[in-house]
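A.B. asks: starting from these lines, generate the structure:
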Amino acid sequence: MPQRIQRATGIILLDISAPLSLFRYLARCLSGHARVGALEGGRDRVTWNMLHHIAVVTPGNRKRYAEIFRRIALPKIRLASIGAIDGFYQQSSLERQATARSGR
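C.D. replies: Modelled structure (predicted):
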């Protein structure tokens with residue numbers, strides 16, 4: 001990641017909690033709907049490795065990313081909730097690609 005930060009002109013930190021990440025992961029896997037960015041013919045499945053990553057690994061990464069974010073002198077924004085992400089999309093006049101599930 002250091003090379004990416006060196007080339008960056010700004011930083012957006014998506015800092016979503018582990019419980020919310022678990023909920024979204026399970027909902028995505030269990031819904032059966034296609035999602036934007038999925039490989040053709042690919043299917044999301046609940047795996048122990050991913051559950052472990054979200055519940056155990058990610059909280060440590062969040063602390064590390066928060067420290068990196070704190071030290072960076074670039075323009076930056078931290079989005080720590082779905083509402084904050086939605087607000088950023090709206091404020092920045094960004095559009096999401098439509099998905100089969102949400103219709104966005």
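A.B. asks: all contacts plus neighbour counts: C-alpha atoms, from now on.
C.D. replies: Will do.
A.B. asks: separation between the residue most central in space within the chain and Asp86?
C.D. replies: What sits nearest the mean C-alpha location of the chain, by CA atoms, centre = their mean, is Leu14, with 5.6 Å. Going from Leu14 to Asp86 by CA to CA, to the nearest Å gives 12 Å.
A.B. asks: quick one, helices of the protein?
C.D. replies: 2-7, 18-31, 48-52, 58-71, 82-91 (DSSP state H).
A.B. asks: out of those helices, nearest to Gln97?
C.D. replies: helix 82-91 (11.9 Å; CA to CA).
A.B. asks: angle of the closest one against helix 18-31?
C.D. replies: 80 degrees (axes from the mean of the first three to the mean of the last three CA atoms, to 10 degrees).
A.B. asks: could you tell me the least trusted of the helices of the chain?
C.D. replies: Across the helices of the chain, helix 2-7 has the smallest mean pLDDT, namely a mean of 84.
A.B. asks: picking that back up, just give the nearest non-adjacent residue to the residue nearest to the centre of the chain, would you?
C.D. replies: Leu79 (5.1 Å; CA to CA, 6 or more residues apart in numbering).
A.B. asks: I'd like the helices of the chain as a markdown table, with mean neighbour count and distance to Glu40 appended.
C.D. replies: Conversion of those to a markdown table gives the following (neighbours: other CA atoms under 10 Å; distance: least, CA to CA, whole Å):
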| stretch | mean neighbour count | distance to Glu40 |
| --- | --- | --- |
| helix 2-7 | 8 | 28 |
| helix 18-31 | 14 | 15 |
| helix 48-52 | 12 | 21 |
| helix 58-71 | 13 | 27 |
| helix 82-91 | 13 | 27 |
